[in-house]
Structure formats: C-alpha cells, structure tokens
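# for reference, the sequence and a predicted model appear below.
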Amino acid sequence: NAGVTQTPKFQVLKTGQSMTLQCAQDMNHEYMSWYRQDPGMGLRLIHYSVGAGITDQGEVPNGYNVSRSTTEDFPLRLLSAAPSQTSVYFCASSSGGWYNEQFFGPGTRLTVL
Amino acid sequence: GDSVTQMEGPVTLSEEAFLTINCTYTATGYPSLFWYVQYPGEGLQLLLKATKADDKGSNKGFEATYRKETTSFHLEKGSVQVSDSAVYFCALSEYSGAGSYQLTFGKGTKLSVIP
C-alpha cells in the first residue's frame, strides 16, 4: 500500500516552461487536493476534487490547471511557469467528509528561474 | 471566510519541558479541528483531531481540546523529546456545500527540542 505518491521530487524550470506534477493514490479516496507550502505562509489550497470528473478552485488557483479522469490520479499542470510559483507542492487525499484525515504525499520541490 | 491563527515560532525547549502551542480559529459553522505534524523533509501527517465541541484528541502524548466558547484548539504535551522536533500545523475543515470541503491551515510553528 503506497498511499499518496508524487513525482518528481525535485524540478527546476525556466520562466515560461510548462510541466505537470503527478499525484496518485491507491486508497480509493474520492477527495484529492493540491497545496503549496511557502515559508511563513503555511499550506494554501490550489485546487481540489471531490471525485472523478469534478474539480474546483481553492485559495490560490491562478496559473494552475487540474483534471480528474480517474479516482487514482490528480495531476497539477503549470501552464507557463513564473518565479512566484517556486514552492513545495503537496498532494493529499481523503475518504471524504470534512471530519476525516487527509493523507499527504512527500511533496515536490519546484524552483522556477 | 475560515481562518486559523497559531502562535508563531520558532519555539525552542529543553527535553522533558512542557509544550503548549496556541491555536484559535474562525469558522461559520461546525468545523472539525486537526493538528498535523511535518518532520524535516517529509509531508504532513495527522497528529490528532477533534470533530465536535469538548472533544479531546490525543496521540503520542500530545493532547488538544476543542473549545467552542473560546474558538481554540491548543496543543499540549507534558514532556517533550528530541524526536518531537518538527513543524506543527493547526487546521480546520468545514463543509461548504455540494459535497465540498476545504482544509484551512495555520502558518505552522517550528519546534526544536534540545537535549
């Protein structure tokens, strides 16, 4: 049981490049989400999904795109990377219900030059 | 909107000292409250939670009580160990309709425990 996996662990991009951060979970969780973690800011929600085919915006969605074609996968796309997107990105999943624990992946550290 | 305020760090304690990390929240309804911990280089993991007023969450010697009257969820441990050194996040989750909910985090408190 791998839990929540994220790839890559580290990535360096140049301004304007695009890329996809991968996230997968093997717990059959309906709810998945993406956060970014910046120093002194805690974690901020980017996008989330309550099930396959359903996504919605969080607190900081600009510059990011998501889709959810399967229960297992929830990729995060950066359309045109900017230095302000330098951050650590975490994917999380939950079995549903606001009272339930969210399980976090190990994170992707992204640097945009 | 919902918000979480927790005491700013860093906090440095000697081993076996008593720990309190304050957390207060603002929410419109009846949120669930959580403490997550992040060890260096890792993702977050749940430390404890409480889902209704007066509930006490506990795990690994840590405790926190859901106080609706003071909108607080302070984290305590009677005797910290070096292995407790980590960043601690207070968070709340509240139902926002149409099957949706969001986890709102505080900014985190870095704890360092010295031998």
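It's in.

# per-residue confidence for the nearest residue to residue A:3 once chain neighbours are set aside?
Excluding its sequence neighbours, the residue lying closest to residue A:3 (C-beta to C-beta, 6 or more residues apart in numbering or on different chains) is residue A:103, at 5.9 Å. Yep, even glycine has a C-beta here, placed from its N, CA and C like the rest. pLDDT, residue A:103: 94.

# for residue B:30, same thing?
At residue B:30, pLDDT is 86.

# all strands for the chain, in order.
Going with chain A. For chain A, the strands defined by DSSP state E occupy A:4-7, A:10-13, A:19-25, A:31-38, A:42-51, A:54-57, A:64-66, A:76-78, A:87-94, A:103-104, A:108-112.

# not quite, go with chain B.
Remark: strands assigned in chain B by DSSP E are B:3-6, B:11-14, B:19-21, B:23-26, B:32-38, B:44-50, B:56-59, B:62-65, B:75-77, B:86-97, B:100-105, B:109-114.

# most packed of those strands?
strand B:32-38 (a mean of 25; mean count of other C-beta atoms under 10 Å in any protein chain shown).

# would you mind giving the orientation angle of that strand with respect to strand B:86-97?
Angle of strand B:32-38 versus strand B:86-97, following axes from the mean of the first three to the mean of the last three C-alpha atoms, to 10 degrees, is 150 degrees.

# centroid residue for chain A?
Here the mean C-alpha position of chain A is nearest to the C-alpha of residue A:34 (C-alpha atoms, centre = their mean), at a distance of 2.9 Å.
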